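Student: The sequence and its predicted three-dimensional model are supplied below.
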Amino acid sequence: MTKLLPAGLVSLHGAADILESYLFSGLSERALVTELRKEAFDVADGAERNKVAAELWKAVDQSKVQAIAIGPAAIRYDLTPDQTKNVPFLRNSGGGNLSFLRPSNPAHNEFVKQFGSNLADVSLAFQRSEIEKLARRLRQERRQYAKSGEATTRRGRPSLLADVVVHIRKAVDEGKWIPPHSIKALTAEVNKVGNFKKKVSADTVGRALDQLHHDSKDRRFERVRRKKRT
């Protein structure tokens, strides 16, 4: 059951819907999604949803969008980017609440002080106006890129890197890769879950990881560079 939020706020799912409608309107859908929608199933393209989630959390990490925790009594608590990373599954598309926050988590006591012991009733929300502003900016960037002609001269490369970034973020969020692990291991994970026509190289994954770390300043994406033995 969807919880009601105060006016002007949207849930994680609602924010993704807004971003998706702005970013992908007018673009062809994947065949499976199209067929399911013909059969009256309400289904989103998983690749599209992953991309908008990556853009949303990138904006949160850059303090361009404020993540908010909302309690049952409409208690509002603004979250820092680090807090959203420390709550298990909060950033996952199927998350959006504090259900998996356990007492052993260092963040648990702070949330209990704000909302009481029943954290399952606390939801993640965003200001609709901030999400719509982000959506308009991303749509404008997409249009400018399409007009630049770069899509023709460098066919597929920017979108490939964007797809790799999405899969890297997912692997880190789900604990399938951490910085001490090798780029080779991360490349294997990305190729396992990514629907690529040709396997991506370790160099491509490394560049995508470096870009993700540069944009988010999140140390979970900072690779450990091993010194060569002399």
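Tutor: Yep, that arrived. Numbers count the residues shown, from 1 in each chain.

Student: moving C-terminal of the helix-or-strand element of the chain with minimal mean pLDDT, what's the next helix or strand?
Tutor: Sorted by mean pLDDT, DSSP states H and E, the helices and strands of the chain end with helix 31-38, the least confident at a mean of 43. Using DSSP states H and E, the helix or strand that follows helix 31-38 in sequence is helix 46-61.

Student: For the nearest residue to residue 98 once chain neighbours are set aside, report the pLDDT, please.
Tutor: Closest residue in space to residue 98, ignoring its immediate chain neighbours: residue 119 at 4.0 Å, by CB to CB, 6 or more residues apart in numbering. All C-beta atoms are positioned from the backbone trio N, CA, C, and that covers glycine. Note for residue 119: predicted pLDDT of 92.

Student: now residue 207
Tutor: The model reports residue 207 with a pLDDT of 89.

Student: which residues of the protein score low on pLDDT?
Tutor: For the chain, the stretches flagged by pLDDT under 70 are 1-2, 24-48, 145-159, 226-230.

Student: From the rest of the structure, what touches the helix with the most length in the chain?
Tutor: In the chain, assigned by DSSP state H, the helix with the most residues is helix 128-148. Helix 128-148 is contacted by residues 8-10, 14-15, 18-19, 21-23, 55-56, 59, 64-66, 151, 158 when judged by CB atoms under 8 Å, 6 or more residues apart in numbering.

Student: residue ranges of the helices in the protein, please?
Tutor: Assigned by DSSP H, the helices in the chain fall at 12-24, 31-38, 46-61, 81-86, 108-115, 128-148, 150-153, 157-173, 183-193, 202-216.

Student: Take those and lay them out in CSV including distance to residue 74 and mean neighbour count.
Tutor: What follows is the helices of the chain, written out as CSV (distance: least, CB to CB, whole Å; neighbours: other CB atoms under 10 Å):
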stretch, distance to residue 74, mean neighbour count
helix 12-24, 17, 19
helix 31-38, 35, 12
helix 46-61, 22, 20
helix 81-86, 19, 16
helix 108-115, 11, 15
helix 128-148, 16, 14
helix 150-153, 45, 11
helix 157-173, 28, 20
helix 183-193, 38, 17
helix 202-216, 30, 17
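
Student: Between the ones you listed, which one is closest to residue 71.
Tutor: Proximity to residue 71 (CB to CB) singles out helix 108-115 among those, at 4.2 Å.

Student: how long is stretch 206-224 from one end to the other?
Tutor: 11 Å (CA to CA, to the nearest Å).

Student: before we move on, back to that, and the residue nearest to residue 98, how far from residue 14?
Tutor: Distance, residue 119 to residue 14, by CB to CB, to the nearest Å: 21 Å.

Student: So what does residue 98 have for phi and psi?
Tutor: Backbone torsions of residue 98, given as degrees, to the nearest 10, read phi -100, psi 20.

Student: Thank you kindly, that will do.
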